[in-house]
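Peer 1: what's the 3D shape of this:
(chains A, B and C)
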Amino acid sequence: MQIVNVENLQKNYTVYQRKGLFREKRIIRALQNISFTVNRGEFLGYIGPNGAGKSTTIKILTGIMTPDGGSAIVDGMVPYRERKLYVRNIGVVFGQKTQLWWDLPVRDTYSLLKAIYGVPESRFKEQIGYLSGHLELGEIMDRPVRQLSLGQRMRAELAAALVHDPELLFLDEPTIGLDIVSKHRVLQFLRELHSRGKTIFLTTHDLKDIEALCQEILIINHGSLVYKGTLEGLKGMVKLPRVLKIQLREGAFSLDGRCTGFIERYAARYDSKTGTIDVELSDTARPANVAREFMQVMEIEDFRITDPSIEDVVRVIYRK
Amino acid sequence: MSGLAIAMTSFNRSRAYLLNHLVNNLGSFIFGYIYVSIWKAALGDSPETQAMVTYIMVNQSILWVTMFLSRGAYIPQKIREGTIVFDLLRPYGLLFCSFFEVAGHGLYSLIFRAIPIFLLGYLLLGVSPPEIGRLLPFLLTLFNGFLISFLFNYFVGLWSIKFLSPTAAQGLLYMTMNLLGGAFLPAEYYPGFLRFLMPLLPFACANYYPSSVYLGTVSLIRALALQCFWIVVLFLLALYMTEKLTRSIQVQGG
Amino acid sequence: MRSVIALFMASLKAQYEYRLNFWLDTLINGANLFSDFLLMAFLMLSFKEIGGWSLGEIAIIYSIVEMGWGIFRFFGEGLHRFEELMVTGRFDLLLIRPMNTVKQLLLERIDFRRLGVVVEALAVAVFGFTASRIDFGDMWLAYISLVFFSTVMTFEINIILAAIAFWTVRNSDIIVLAFYSTRTAAMYPAHIYGPVLKNVLTFIVPLASVAYFPVGYLTGRITSIIALISPVLGVTALLPVTVLIWKLGLKHYASTGT
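Peer 2: Numbers count the residues shown, from 1 in each chain, chains lettered A, B, ... in the order given. Next up, the predicted model:
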């Protein structure tokens, strides 16, 4: 059951650069033929380096921006054509911008949004109760927004996007700048929303968030889609070697020529300050054999084998 | 010469908005034209008209150096953004730093705001150019007018340190400068005792004296004496209040 | 409508919380604008008439323009500060709500301190009716309708000027040039200006049509009946322009962002 269907989406920006007296026109291709679908109830992570086209995609999908080519159909509607009708069923959080009324208490923002979306009183009460419970809004409800800490504000922000209980959520960096505790609370709540069947579209720079929450990820770079699939599939796509990490015994950090030659042969990296050696293991190498060889020439305290992290994988993809 | 460095930075910061300011200059010129039209309608074809047109447009030009200086000498903005702590960490006082910051902006306003507005008045409204002998006296009283205006704006800044919001003090300053600065009305036209009081007050130092010296209707000696008196009084007050307030500084936000 | 009431109550509560600042700001706000009128009054102690109009008569057109401005600032602070929404990109947040963007801008903030301006304009009007030979008994309906048209026109002009920020991002200096200056000019009898400014006030930023022309007709200075109906003409002519420019602006924003 698809809820988002994007086909061949294109967007170009024209920028003018001053060159002496003249302005030079330059076209930036922000999105080049992007296609993907999202199923109802999916928790999708959307990642990409700065300037890759993430916010352009979000702006088109939320009806803020019109594409130059291609189509986007969300929930049976074209967002940028039927904006007012369409936005009734989506909730949006832009982590960098607040939609709360700055001078008013948090509670009053919710009343205003209730009036704007035409939420009936009984459903409003129920929804605020639910949000307040999960996001722990009780203590901040009657405080003006300008007095809130960043973590408190982001929780209030999430609740504001959910006053009208939408089915589809677009969250643009909702955890930016949060401390560990606040972040944990927000992620916990997103998981709860997902378990209630909401479809969530999350962009973030924090891959740990993605790992914790999303089954599906979408990666964009230079305006093109580079990957859509599961996290596991992504690791399979970029073959990064496992690494054998060796820790030398204290006091045995200075190595003789035989040892350094040995390290060179394995193309390993040696850090003489901490006494650690990283050996990349090729597919055919047997870790036990490699470790044994090292143990024969150096005094070794400890060793372990690490799998490539999601950050390592994504870094390789971004660099392409 | 940290003072000059501060002033240069402030000058260049203002220059980033040059295009906006040029648009604003046109608006400011229209304001001058409105007041000129009112005076022309009031005076008719009398010999005094030419002098009044010049008086109004000289004032309208220097308004950006003597009245609409940076709000509260940049202090309210720094409090809001929380950057005032950096100023307090520097090896010089708040008064020193604010002065050079405002001075850089003032010099910018003189070049890119006052002079263009004056030229528009000269070309389109027939404003009399300055007589050579009065140019230096005018610039001298203009500089003093700037000093007075800076000190007033600085007091607004100090007020916002104490009460966190500059709006009330700022509004009060504009109102008093508007009413008693003489930009629209020279002293002779004030009713009753105000006619005698207005030229004695520090507000008149900002607009009434520079433009009267420009026209030669007030002697340089008299203008300088009054301006210097008020500069000394206000400066000593500023020193005293800075000392008192920087001890109890509050920083909003953070 | 319910959202307006919700915001009204919430804003009132929030602003009234800092009672001293609230009253002080309101008072100074009104007094500040009153100082402009006071200077005019000082001037007219010496001259009695400006372009054939007495101070009392000028006070009436002055107050009509001023009141429109005061009421605009009361509801329209969001429009007035539109530049901020463009600079910060916060305008996006208005587009994700199921409501007309202009309506939302009016909901951005209700500024109760602007009541100081409204009271000041009222005081100038009271003075005007007392000092001139115009009888309020005959004129109250005309005065109230002119204030209405003045308010509507102030909204129209300011929506157009806000829309310019869709292209230029910053617009506060354009507002000074196109509105503040013309607003001030429209507070005095328009025939004292040269043809350029007078034509601007009649046909381009037609603020003279809500005060100078109709009051001129009612005091018998202008004979053409067009002067009487000029407020309706002015407001009606600006309406399609306002809607068109705003819509074009939205379209431009949707295709470029900021």
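
Peer 1: what does chain A put close to chain C?
Peer 2: By C-beta under 8 Å from any C-beta of the partner chain, the residues of chain A that approach chain C are A:13-14, A:56, A:59, A:62-66, A:68, A:80, A:83-85, A:87-88, A:90, A:92, A:94, A:96-99, A:101, A:103-105, A:108, A:111-117, A:144. (Glycine included, C-beta is placed from N, CA and C.)

Peer 1: now restrict those residues to buried residues only.
Peer 2: A:56, A:59, A:62-66, A:80, A:83, A:87, A:90, A:92, A:94, A:98-99, A:101, A:104-105, A:108, A:111-117, A:144 (16 or more other C-beta atoms under 10 Å in any protein chain shown).

Peer 1: those also near chain B: which ones?
Peer 2: Within those, nothing lies near chain B by C-beta under 8 Å from any C-beta.

Peer 1: point me to the residue of the stretch 1-150 of chain A nearest chain B.
Peer 2: Relative to chain B, the nearest point of the stretch 1-150 of chain A is A:Arg146 (8.4 Å; C-beta to the nearest C-beta).

Peer 1: what is the neighbour count of that residue?
Peer 2: Neighbour count of A:Arg146, defined by other C-beta atoms under 10 Å in any protein chain shown: 14.

Peer 1: any idea how far C:Phe82 is from the nearest residue to it once chain neighbours are set aside?
Peer 2: Nearest residue to A:Arg146, sequence neighbours excluded (C-beta to C-beta, 6 or more residues apart in numbering or on different chains): A:Trp102, at 5.4 Å. When distance is defined by C-beta to C-beta, to the nearest Å, A:Trp102 is 16 Å away from C:Phe82.

Peer 1: look up how far B:Gln77 lies from the residue of the stretch 1-150 of chain A closest to chain B.
Peer 2: 16 Å.

Peer 1: for C:Val119, which non-adjacent residue is closest in space?
Peer 2: Distances taken as C-beta to C-beta, 6+ apart place C:Gly30 nearest to C:Val119, at 5.4 Å, with adjacent residues excluded.

Peer 1: average pLDDT for the host helix or strand of that neighbour, rounded please.
Peer 2: C:Gly30 belongs to helix C:19-47 when assigned by DSSP states H and E. The predicted model assigns helix C:19-47 a mean pLDDT of 91.

Peer 1: and if you look at stretch A:43-50?
Peer 2: Across stretch A:43-50, the average pLDDT comes to 90.

Peer 1: I would like the residues contacting that stretch, please.
Peer 2: Stretch A:43-50 is contacted from outside by A:38, A:54, A:57-58, A:190, A:194, A:199-205, A:207, A:209-210, A:213-221, A:314, A:318, using C-beta atoms under 8 Å, 6 or more residues apart in numbering or on different chains.

Peer 1: now with 6 Å, please.
Peer 2: The contact list for stretch A:43-50 (C-beta atoms under 6 Å, 6 or more residues apart in numbering or on different chains) reads A:38, A:54, A:194, A:200-203, A:210, A:213-214, A:216-221, A:318.

Peer 1: up against chain C, what does chain B have?
Peer 2: B:20, B:23-24, B:26-27, B:30-31, B:34, B:37, B:41-42, B:167-168, B:171-172, B:174-175, B:178-179, B:184-185, B:189, B:191 (C-beta under 6 Å from any C-beta of the partner chain).

Peer 1: inside helices: which ones of the residues you listed?
Peer 2: If you go by DSSP state H, the residues of chain B next to chain C have B:20, B:23-24, B:26-27, B:30-31, B:34, B:37, B:41-42, B:167-168, B:171-172, B:174-175, B:178-179 in helices.

Peer 1: next SSE after the worst-scoring helix or strand of chain B on mean pLDDT?
Peer 2: For chain B, the helix or strand with the lowest mean confidence is helix B:84-89, at a mean of 75 (criterion: mean pLDDT, DSSP states H and E). Using DSSP H and E, the helix or strand that follows helix B:84-89 in sequence is helix B:94-109.

Peer 1: flag the shaky bits of the chain, pLDDT-wise.
Peer 2: Picking chain A for this. In the predicted model, chain A carries pLDDT under 70 at residues A:19-21.

Peer 1: that's the wrong chain, I meant chain C
Peer 2: For chain C, the stretches flagged by pLDDT under 70 are C:257-258.

Peer 1: mind running it again at 80?
Peer 2: For chain C, the stretches flagged by pLDDT under 80 are C:1-11, C:13-19, C:133-138, C:257-258.

Peer 1: point out the residues in it that sit beside chain B.
Peer 2: C:24-25, C:28, C:31-32, C:35, C:39, C:42, C:45-47, C:50-51, C:173-174, C:176-177, C:181, C:184-185, C:192-193.

Peer 1: residue nearest the centroid of chain B?
Peer 2: Taking C-alpha atoms, centre = their mean, the centroid of chain B lies closest to B:Thr66, which sits 1.3 Å from it.

Peer 1: what's the answer for chain C, then?
Peer 2: In chain C, the centroid-proximal residue (C-alpha atoms, centre = their mean) is C:Trp69; its distance is 2.8 Å.

Peer 1: the strands in the chain, which residues?
Peer 2: With no chain named, the answer covers chain A. Counting by DSSP state E, chain A has strands at residues A:2-19, A:22-39, A:43-47, A:69-74, A:90-94, A:168-172, A:199-203, A:216-221, A:224-230, A:242-248, A:269-271, A:276-281, A:300-306.

Peer 1: please go with chain C instead
Peer 2: With DSSP E as the criterion, chain C has strands at C:49-50, C:53-54.

Peer 1: related to what we said a few turns ago, what about the residue of the stretch 1-150 of chain A closest to chain B, distance to A:Cys214?
Peer 2: Using C-beta to C-beta, which is the criterion applied here, A:Arg146 is 33 Å from A:Cys214.

Peer 1: I'd say B:Ile231 and B:Leu147 touch.
Peer 2: Yes: the criterion here is C-beta atoms under 6 Å, and B:Ile231 meets it with B:Leu147 at 5.3 Å.

Peer 1: what is the burial count for the residue nearest to A:Arg146?
Peer 2: Counted with other C-beta under 10 Å, residues neighbouring A:Trp102 total 12.

Peer 1: again with C:Lys247
Peer 2: The local packing of C:Lys247 (other C-beta under 10 Å) involves 11 other residues.

Peer 1: now it: how far from C:Val102?
Peer 2: As judged by C-beta to C-beta, C:Lys247 and C:Val102 stand 11 Å apart.

Peer 1: C:Ile64 now?
Peer 2: 24 Å.

Peer 1: the more surrounded of the two?
Peer 2: Neighbour tally, C:Ile64 and C:Val102, criterion other C-beta under 10 Å: the higher count belongs to C:Ile64, 33 against 20.

Peer 1: which residues does that one contact?
Peer 2: Taking C-beta under 6 Å, 6+ apart, we find C:Ile64 in contact with C:146-147, C:150, C:211.

Peer 1: quick check: the two most widely separated of these?
Peer 2: Largest separation among those by C-beta to C-beta: C:Val147 and C:Ala211, giving 9.4 Å.

Peer 1: comparing these two, which residue is more hemmed in?
Peer 2: The neighbour count for C:Val147 versus C:Ala211, taken as other C-beta under 10 Å, is higher for C:Ala211 (31 against 24).

Peer 1: hang on, isn't the more buried one packed against C:Ile61?
Peer 2: Yes: the pair C:Ala211 / C:Ile61 is scored as a contact, 4.0 Å apart, by C-beta under 6 Å.
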